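# Provided below for reference: sequence and predicted model.
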Amino acid sequence: MVLMKSFDHPLGFGMPDFLLPDPFGNKIGAKQSLGEKGLLIVFNCNHCPYAIAQWPRLVRLAQEARTLGINTIAINANIHPDYPDDAVDRMPATMEKLGIDFPYLVDESQEVAREFKAQCTPDPFLFDAAGRLVYHGRIDDNWQDENAVTSQELKAALQALADGKPIAEPQHPSMGCSIKWRE
């Protein structure tokens with residue numbers, strides 16, 4: 001496990017468009033997935049301890065975001081032969097176990113992750129309805145122990161976006177296992 005922090009994107013970064021399959025072969029695009037208020041895109045995987053710890057929080061946040069007019073997509077770019085737990089055929093079990101009710105897409109070529117400059121799992125990107133980056137940071141301030149969280153930055157950013165208010169600064173980088181690049 002190599003700890004990485006997310007790349008510091010400038011706010012206003014335009015959301016790259018993509019069309020990726022879910023593990024069942026359904027193709028889903030970024031632009032078509034924008035909600036009335038925006039879209040949360042999170043690069044994630046099945047095996048990383050950081051991802052495992054934060055998946056339940058992300059699932060709850062996605063449910064809350066949906067009620068605010070913000071859709072969610074998760075993207076697995078860790079399709080690497082050395083990490084079989086992240087394989088496409090293992091994604092449906094993760095979805096069922098965690099109750100993931102939003103698209104969990106497969107970036108087998110890793111081109112989308114590269115275009116976003118995603119670095120770690122989880123790596124959340126929040127875009128407004130025009131597809132401009134408004135938040136790129138951590139989910140909260142304690143990945144290990146949800147009971148010790150004192151600041152829920154992503155939740156606050158979702159609410160601010162929905163309310164048309166500025167998102168609080170600073171935005172702390174996400175951190176997690178590095179994406180397993182195939183080069």
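Noted; the coordinates are in hand.
# And the helices in the protein, which stretches?
Using DSSP state H, the helices of the chain run over 30-33, 49-67, 91-98, 111-116, 153-163.
# roughly how far out does the last one sit from the chain middle?
How far helix 153-163 lies from its chain's middle: 15 Å, per CA atoms, centre = their mean, to the nearest Å.
# Nearest to Leu126, out of the helices of the chain?
With CB to CB, the closest approach to Leu126 among the helices of the chain belongs to helix 153-163: 5.6 Å. For every residue, glycine as well, the C-beta is placed using N, CA and C.
# Could you check the angle the closest one makes with helix 49-67?
20 degrees (axes from the mean of the first three to the mean of the last three CA atoms, to 10 degrees).
# any weak-confidence spans in this structure?
1-4, 7 (pLDDT under 70).
# Show me what the residue nearest the centre of the chain is bridged to.
Nearest to the centroid of the C-alpha atoms of the chain, with distances taken as CA atoms, centre = their mean, sits Val42, at 0.8 Å. Counting by DSSP bridges, Val42 forms beta bridges with Ala74, Pro124.
# Surely Leu61 and Ala156 touch.
No. With contact defined as CB atoms under 8 Å, Leu61 does not count as touching Ala156 (10.7 Å).
# Between the two, tell me which one has more neighbours.
The neighbour comparison of Leu61 against Ala156 (other CB atoms under 10 Å) goes to Leu61, with 23 against 15.
# quick one, what contacts Ala113?
Residues in contact with Ala113, defined by CB atoms under 8 Å, 6 or more residues apart in numbering, are Phe43, Ile75, Ala77, Asp107, Ile179.
# CA atoms of stretch 54-70 as PDB?
Only the C-alpha atoms of stretch 54-70 are listed here, as PDB (Å, rounded to 0.1, in the frame of the first residue of the first chain):
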ATOM      1  CA  GLN A  54     -14.800   5.200   3.300                       C
ATOM      2  CA  TRP A  55     -17.200   3.400   0.900                       C
ATOM      3  CA  PRO A  56     -20.100   3.300   3.400                       C
ATOM      4  CA  ARG A  57     -19.700   7.100   3.900                       C
ATOM      5  CA  LEU A  58     -19.600   7.700   0.200                       C
ATOM      6  CA  VAL A  59     -22.700   5.600  -0.300                       C
ATOM      7  CA  ARG A  60     -24.600   7.600   2.300                       C
ATOM      8  CA  LEU A  61     -23.300  10.900   0.800                       C
ATOM      9  CA  ALA A  62     -24.400   9.800  -2.700                       C
ATOM     10  CA  GLN A  63     -27.900   9.200  -1.400                       C
ATOM     11  CA  GLU A  64     -28.000  12.600   0.300                       C
ATOM     12  CA  ALA A  65     -26.500  14.300  -2.800                       C
ATOM     13  CA  ARG A  66     -29.200  12.800  -5.000                       C
ATOM     14  CA  THR A  67     -31.900  14.500  -2.900                       C
ATOM     15  CA  LEU A  68     -30.000  17.800  -3.500                       C
ATOM     16  CA  GLY A  69     -29.900  17.400  -7.300                       C
ATOM     17  CA  ILE A  70     -26.300  16.000  -7.500                       C
END
